[in-house]
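Engineer: no FASTA, just this:
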């Protein structure tokens, strides 16, 4: 089978590999779709501290069960499935208290385990142990199901930020994550959702799909001023920074209304992880700042339900479908912002 295997920064090789066989406590799937994301670009350029090369990467995975280990109940060949990416241990104090996204023992598909840029994938026992293999609902395609993993992360972030009925919401960053944030905020009852992005072409491409109440190009206007104008000077209830930008995080405090919630959803570069934060704004305006890191197996299940119900459509966000032989083109599309969602169909 053909795989895309990462060896070192800049060294992602297309290789022939033997077709794997599952152990007694594993499931083998035929990968139909493995979508790409900004993390794949980061891995390609810089590697990752939790990734053990050489490694087949790719972690937004949907496929079809082809073989089931003797000790695995409940699955049969032909079942359509989606696989979680972040794998909590399920037994530590954080996991047992319902905080699986911050499990300190977390492992990940495409990092410690072989990933989905391949024709076949072995779902390891660690995924099965935390109920991380999910049945794809009727009517949901494999491509759509592969987007459940990033949507699960978005869901976790909005739960932590308390996005809900009647909120005004700003999403900073018009990539695929930003698009999912816009749609999920609407599904959760937000009154208005504003989308902010520096890149005009990227903003226009995404706004055409998700139709925010206002699309603000931060390279052309002062985004804080625009948000305040749209809200008669009050600011918004929730700001979500879906971009790796310290400036966006600093601006978020200026966009937030009194008692507003701010989600630092996008992580910052490792060589520049700090910002200047006016703590008096947090203090006197009673702001809440929350982080957001990954998702739980339950978030993945809920994400599939949101896609199946039509509450969060994702099909139209998949703008490019490429074979694994074109993985380098896919990564460049993601890096350049020339696509919303790129999916690999091995």
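Structural biologist: That came through, no problem. From a predicted model like this one, the values you see are computed outputs, not experimental measurements.
Engineer: what's the helix or strand containing residue 307 packed up against?
Structural biologist: Using DSSP states H and E, residue 307 falls within helix 297-309. Judged by 3 or more Cβ pairs under 8 Å, 6 or more residues apart in numbering; DSSP states H and E, helix 297-309 is in contact with strand 133-135, helix 142-146, helix 148-161. C-beta coordinates here come from the backbone N, C-alpha and C atoms, glycine included.
Engineer: tabulate the ones you listed (JSON lines), appending mean neighbour count and distance to residue 31.
Structural biologist: As requested, the helices and strands packed on helix 297-309 are arranged in JSON lines below (neighbours: other Cβ atoms under 10 Å; distance: least, Cβ to Cβ, whole Å):
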{"stretch": "strand 133-135", "mean neighbour count": "20", "distance to residue 31": "13"}
{"stretch": "helix 142-146", "mean neighbour count": "25", "distance to residue 31": "9"}
{"stretch": "helix 148-161", "mean neighbour count": "26", "distance to residue 31": "13"}
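Engineer: any idea which of those gets closest to residue 119?
Structural biologist: Residue 119 lies closest, by Cβ to Cβ, to one member of the helices and strands packed on helix 297-309: helix 142-146, at 13.4 Å.
Engineer: sorry, back to before: tell me the buried residues in the helix holding residue 307?
Structural biologist: By neighbour count with 16 or more other Cβ atoms under 10 Å, helix 297-309 contains the buried residues 297, 298, 299, 300, 301, 302, 303, 304, 306, 307, 308.
Engineer: out of these, who's nearest residue 241?
Structural biologist: Using Cβ to Cβ, those come closest to residue 241 at residue 299, 19.5 Å.
Engineer: residues in contact with the closest one?
Structural biologist: Residues near residue 299 by Cβ atoms under 8 Å, 6 or more residues apart in numbering: 101, 152, 153, 155, 156.
Engineer: how much space between the nearest residue to it once chain neighbours are set aside and residue 191?
Structural biologist: The spatially closest residue to residue 299, leaving aside those adjacent along the chain, is residue 152, at 3.8 Å (Cβ to Cβ, 6 or more residues apart in numbering). From residue 152 across to residue 191, the span is 25 Å (Cβ to Cβ, to the nearest Å).
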